[in-house]
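Peer 1: Kindly return the folded structure for what I paste below:
(one chain, ligands or ions: 1)
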Amino acid sequence: MGRMGSNQRTYSANPSDYKLLEEVGYGASATVYRAIYLPLNEVVAVKCLDLDRCNSNFDDIRREAQTMSLIDHPNVVRAYCSFVVERNLWVIMPFMAEGSCLHLMKIAYPDGFEEAAIGSILKETLKALDYLHKQGHIHRDVKAGNILLDTNGVVKLADFGVSACMFDTGDRQHSRNTFVGTPCWMAPEVLQPGNGYNSKADIWSFGITALELAHGHAPFSKYPPMKVLLMTIQNAPPGLDYDRDKRFSKSFKEMVAMCLVKDQTKRPTAEKLLKHSFFKHAKPPELSVKKLFADLPPLWNRVKALQLKDAAQLALKKMPSAEQEAMSLSEYQQGVSAWNFDIDDLKAQASLVRDDDDMAEMKEEDENIKFFGSDKDASDCQSGLGKLNLYDKLPQAKFAAQVSGNEVQQVEWLSKKGKILDSDLQESGCPKNIIWNSNGSTTEATSSTSEKDVVLSRTKSQTVKSRQTQSGPLMPGAVLSHSSSERARTSERCENEIQPLVEKANREVRRAPSFSGPLMLPNRASANSLSAPIKSSGGFRDSLEDKSKANLVQIKGRFSVTSENLDLVKGSPLRKSASVGDWMYDSKPMPISQSPKDSTNNNVSASLLTPYLQNLFQQTSIQQDLIMNLLSTLQPAEAVEASQNGKLPPLPRSSENNGSVDSAASEKERLLQIKVSELQTRMTNLTDELTAEKLKYMQLQQQLNALSSEDQNIDRREGVE
Ligand SMILES: Nc1ncnc2c1ncn2[C@@H]1O[C@H](COP(=O)(O)OP(=O)(O)OP(=O)(O)O)[C@@H](O)[C@H]1O
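Peer 2: Predicted coordinates:
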């Protein structure tokens, strides 16, 4: 599928012609790398889509990729070419050096952009939509995460085509009973079956994206997907509040209101919307957009920083209390959206997750009508994880070069925002004094007080608000779905290029869902957690697939629903796990004290139990890993002490542990240690559970053996008679 790019250059379909460099983005189905196209020595982006997670057949994907490569508009990211590498589809695209608007907000503008920049970004995006709609396409995934920026301020809409085919084969039957991702950006008609939708659905998503850019997050993003769905359908449309959103012009508010009309026929076309006064007065992006990232380090370092932050976030979050927000946030942050699912299933789930509090909140939302009416109020109630934005949690960092060996060029942009506190750093478990170079990765360094002061003196005074922010994605699906070859490639590169700290953080981030994943029967193939099919374990996978094939309707993104799941739900409702951050089916494990006789009566087959045990086992090991990682972020003295007290497992020996011990451990670090202890308690519980299950399994095995030999005896006796 090698072909000409827009610059009339030819791009080969030979993977060895592309040298993958840093990871610059990740989504539900793909990881995106900066890469060099060796024959031309040109920087490109390579999006690696995991075909294992694709619902479409290969021809559909190939067709869509080809369609994507035919798209030719200055505001649409086109594909130069695409080809299959093992179980991945590689899509070669122009590299958009400043990444997505979502990343930019997460890293530097947690409260959203100023209106001038929003106007420019939206205008360029609308031009792209106008073009696509006139070509007969619906984008179906318009959101800040898919609006990419180039260093010169060029704005392009990405993810057209492939994402569509990945999640919609056009055969709706195959999509039934499935819900994936967050419906934050989805139009009501998309969420309601039978109505049908058209390009106006993109206009709704465009309106939601406008709110996202204005506030740093999409409406309802704190809620679980099912609730978002109900709110989108039942509530008045979200919008910019005329009184409270004073920083935005009337014209902007009007434009958003025009997009967010529930009746799709009343929404303007992209062409008409472009004529709105808000866009007439929009500045050229090179004036208003370019300056947004003027002081920022390179994209890949931002991505690493976000991953670090995610690791810290993971370590700090209060699992039980924040898990619902975490799920919603992680969905939102990941920016997953797919438009195929069955409304009844969603409603079934929604009815199960709603509790009194939820209803009260929903009522409150109804009363407020305008979701964004009170930024402060809204943000205050968005607790938990939300408080951890990069500025809140990353060090007063300056990041220094390491990768290319260039001169260290300190970048103080993080501190400029005035949101980074030393204490936050300690709390985050990140090493202090990380230096971040404009072209390298992170490395530790000494930061003197005077440096700090200088940095702080340059700080813009900005109120540190307790609000929901767009913290980096916990990216279970994308990671779990990587083919082993890609994992190998990634880890190889990490070893070579990324500093251990970052590597460790990445591992933590990637394992985050594993840590928090539910213990569940394996036939729920959720990609939202560890409970997604564990592809690496051969035997398990087989049994899993056998079990699930009959019932699994579709796996998309990180949520999936199967008809069997729904049956399960009836008798065994969805519930929030006490210890994990995901919704799970209450699998009602048998009591440990159960006698073999009772066990037999349960009719639990070994084939069902085995994968369950393996799942349990895997989670336990992953938790162990996580604890080890956390331990290594503790002050050595404390960690050693905790370890010696028997509170924690033995510390891994490392050079850090051999160094001099700082006896003055901070309060924050002690808190972190408490977290670690909590985690360890959970791990112990899981281990106990695992042991009990193993025991039960052995008993069942014995029962089965006894039964089968009894059967044989009977057969033999009958034969004799
Ligand atoms: N051409 C590109 N240049 C630079 N960064 C890119 C490029 N394409 C994608 N990215 C980055 O990678 C991220 C993920 O890419 P993309 O949205 O295509 O993945 P995805 O799996 O399709 O995501 P999702 O389905 O969640 O929208 C983007 O949000 C963006 O930050």
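Peer 1: near the ligand, which residues of the stretch 101-250 of the chain?
Peer 2: Within the stretch 101-250 of the chain, the positions near the ligand by C-beta under 6 Å from any ligand atom are 102-103, 141, 145-146, 148, 158-159, 163. For the C-beta atoms, the positions are set from N, CA and C on the backbone; glycine is no exception.
Peer 1: Could you identify the most distant pair in those residues?
Peer 2: His103 and Ser163 (17.0 Å; C-beta to C-beta).
Peer 1: who's in contact with Leu132?
Peer 2: Leu132 makes contact with 71, 73, 76, 138-139, 157, 160, 199, 202, according to C-beta atoms under 8 Å, 6 or more residues apart in numbering.
Peer 1: Most neighbours out of the residues you listed, which is it?
Peer 2: Counting by other C-beta atoms under 10 Å, Asp202 has the largest number of neighbours within the contacts of Leu132, with 30 neighbours.
Peer 1: which SS class is it?
Peer 2: With DSSP: H, G, I helix; E, B strand; the rest coil as the basis, Asp202 sits in helix.
Peer 1: distance of it from Pro297?
Peer 2: Asp202 sits 33 Å away from Pro297, going by C-beta to C-beta, to the nearest Å.
Peer 1: Now the host helix or strand of Val256: average pLDDT?
Peer 2: Element membership for Val256, per DSSP states H and E: helix 250-259. The pLDDT scores in helix 250-259 average 95.
Peer 1: same deal with stretch 204-213?
Peer 2: In this model, stretch 204-213 has a mean pLDDT of 96.
Peer 1: Show me which residues of this structure sit near the ligand.
Peer 2: So far as C-beta under 6 Å from any ligand atom goes, the chain lies against the ligand at 24-30, 32, 45, 47, 77, 93, 95-96, 99-100, 102-103, 141, 145-146, 148, 158-159, 163, 334-336.
Peer 1: Show the contacting residues for the closest residue to Cys101 other than its chain neighbours.
Peer 2: Closest residue in space to Cys101, ignoring its immediate chain neighbours: Ala144 at 4.1 Å, by C-beta to C-beta, 6 or more residues apart in numbering. Residues in contact with Ala144 (C-beta under 8 Å, 6+ apart) are 100-102, 105, 209, 212-213, 218, 335.
Peer 1: low-scoring stretches of this protein, by residue?
Peer 2: Within the chain, the set of residues satisfying pLDDT under 70 comprises 1-8, 53-58, 60, 62-64, 161-182, 195, 316-665, 721.
Peer 1: Show me which helix runs longest in it.
Peer 2: helix 667-720 (DSSP state H).
Peer 1: What helices and strands are in contact with it?
Peer 2: For helix 667-720, the packing partners by 3 or more C-beta pairs under 8 Å, 6 or more residues apart in numbering; DSSP states H and E come out as helix 299-316, helix 422-428, helix 596-602, helix 606-633, helix 636-644.
Peer 1: quick one, that helix and helix 299-316 angle?
Peer 2: Going by axes from the mean of the first three to the mean of the last three C-alpha atoms, to 10 degrees, helix 667-720 is angled at 80 degrees with respect to helix 299-316.
Peer 1: Listing partners with orientation, what would you give for the strand or helix carrying Arg34?
Peer 2: For Arg34, the host element (DSSP H and E) is strand 30-37. Applying DSSP bridges, strand 30-37 is found paired with strand 18-26 (antiparallel), strand 42-50 (antiparallel).
Peer 1: Show me what that strand is in contact with.
Peer 2: Contacts of strand 30-37 (C-beta under 8 Å, 6+ apart): 11, 17-26, 42-50, 92, 95, 299-300, 478, 482, 486, 490.
Peer 1: What are the boundaries of the strands in the stretch 51-200 of the chain?
Peer 2: Remark: strands assigned in the stretch 51-200 of the chain by DSSP state E, counting those that start in this stretch are 81-85, 88-94, 147-149, 155-157.
Peer 1: Could you say which of those is packed most deeply?
Peer 2: strand 147-149 (a mean of 27; mean count of other C-beta atoms under 10 Å).
Peer 1: Now stretch 225-242: buried residues?
Peer 2: Under the neighbour-count criterion of 16 or more other C-beta atoms under 10 Å, stretch 225-242 has 225-233, 235, 237-241 buried.
Peer 1: With respect to the ligand, which of the contacts of Ala144 is nearest?
Peer 2: Ser100 (3.5 Å; C-beta to the nearest ligand atom).
Peer 1: Test my guess that the closest one contacts Asp150.
Peer 2: No. Counting by C-beta atoms under 8 Å, Ser100 does not reach Asp150; the two are 11.5 Å apart.
Peer 1: Between the two, which has more neighbouring residues?
Peer 2: When Ser100 and Asp150 are compared for neighbours, Ser100 comes out ahead with 24 against 19, by other C-beta under 10 Å.
Peer 1: With distance to Pro268 as added columns, please give the contacts of Ala144 in a markdown table.
Peer 2: Listed next are the contacts of Ala144 as a markdown table, based on distance: C-beta to C-beta, whole Å:
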| residue | distance to Pro268 |
| --- | --- |
| Ser100 | 25 |
| Cys101 | 22 |
| Leu102 | 25 |
| Met105 | 26 |
| Thr209 | 15 |
| Glu212 | 19 |
| Leu213 | 19 |
| Ala218 | 21 |
| Gly335 | 25 |
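Peer 1: Buried only: go through the residues you listed for me.
Peer 2: For these, buried by 16+ other C-beta under 10 Å: 100-102, 105, 209, 212-213, 218, 335.
Peer 1: Point out the ones among those residues that are inside helices.
Peer 2: 101-102, 105, 209, 212-213.
Peer 1: Which two among those are spaced furthest apart?
Peer 2: Met105 and Thr209 (11.4 Å).
Peer 1: neighbours around Ala13, how many?
Peer 2: Neighbour count of Ala13, defined by other C-beta under 10 Å: 16.
Peer 1: separation between it and Gln712?
Peer 2: 59 Å.
Peer 1: Many thanks, have a good one.
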